[in-house]
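> Following is a predicted model, sequence given first.
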Amino acid sequence: MSFVKEFKEFAIKGNVVDLAVGVIIGGAFGKIVTSMVNDLIMPPISLLIGDKGFVNYYIPLSDKVRAFVAANPTASLEDTKKAGPVFAWGNFATEVINFVILAFIIFLMVKAINQLKRKQEEVPVVEPVPTKEEVLLGEIRDLLKNKSL
């Protein structure tokens, strides 16, 4: 079997196509969750803890950065990073919240899909009930068998 033919069979298999679709949808869904966290959840939290914005919370790790922050108390995380190393815990916390929400939503989706699969498996297969004609024909067949013996 040629390499191209093997690759074609591999690429056309349902699992590979399903995986590709899942990756594309997952990427788009990840952007939705990121927007939800950054635009809907974190702003009220930032309002409660300060005007700086939660993502911009950090700890300066050098004297140079501390001096920069003292001179520029409203500097953003990006501006402060240019001055030197920082421990960006606010950004990390935002990413953790993002991950937890995304993982929880995926868990709920998988749980719902598994429940649907279980319901489909539980549906009993109903044997068709023979019609009156089929019963009568079966009796005639049995009588003819018994007479010919």
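Thanks, I have the structure now. Residues are numbered from 1 along each chain as shown.

> where does R66 land on pLDDT?
pLDDT recorded at R66 is 93.

> What is the burial count for it?
R66: 14 surrounding residues under other Cβ atoms under 10 Å. C-beta: built from backbone N, CA, C; applies to glycine.

> you'd agree it is in a helix?
Yes - counting by DSSP: H, G, I helix; E, B strand; the rest coil, R66 is part of a helix.

> Could you pull up the residues touching it?
P60 (Cβ atoms under 8 Å, 6 or more residues apart in numbering).

> how close does it get to G84?
Distance from R66 to G84, counting by Cβ to Cβ, to the nearest Å: 9 Å.

> Grab the CA positions of stretch 120-131 and hand them over as PDB.
Extracted in PDB, the C-alpha atoms of stretch 120-131 (Å, rounded to 0.1, in the frame of the first residue of the first chain):
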ATOM      1  CA  GLN A 120     -30.300   5.100  23.900                       C
ATOM      2  CA  GLU A 121     -28.800   1.900  25.300                       C
ATOM      3  CA  GLU A 122     -31.600   1.400  27.800                       C
ATOM      4  CA  VAL A 123     -34.400   1.500  25.100                       C
ATOM      5  CA  PRO A 124     -35.500  -2.100  24.900                       C
ATOM      6  CA  VAL A 125     -35.800  -3.700  21.500                       C
ATOM      7  CA  VAL A 126     -39.400  -4.600  21.000                       C
ATOM      8  CA  GLU A 127     -40.000  -7.800  19.100                       C
ATOM      9  CA  PRO A 128     -42.600  -7.400  16.500                       C
ATOM     10  CA  VAL A 129     -45.900  -9.200  17.300                       C
ATOM     11  CA  PRO A 130     -46.900 -11.500  14.500                       C
ATOM     12  CA  THR A 131     -50.100 -10.600  12.700                       C
END
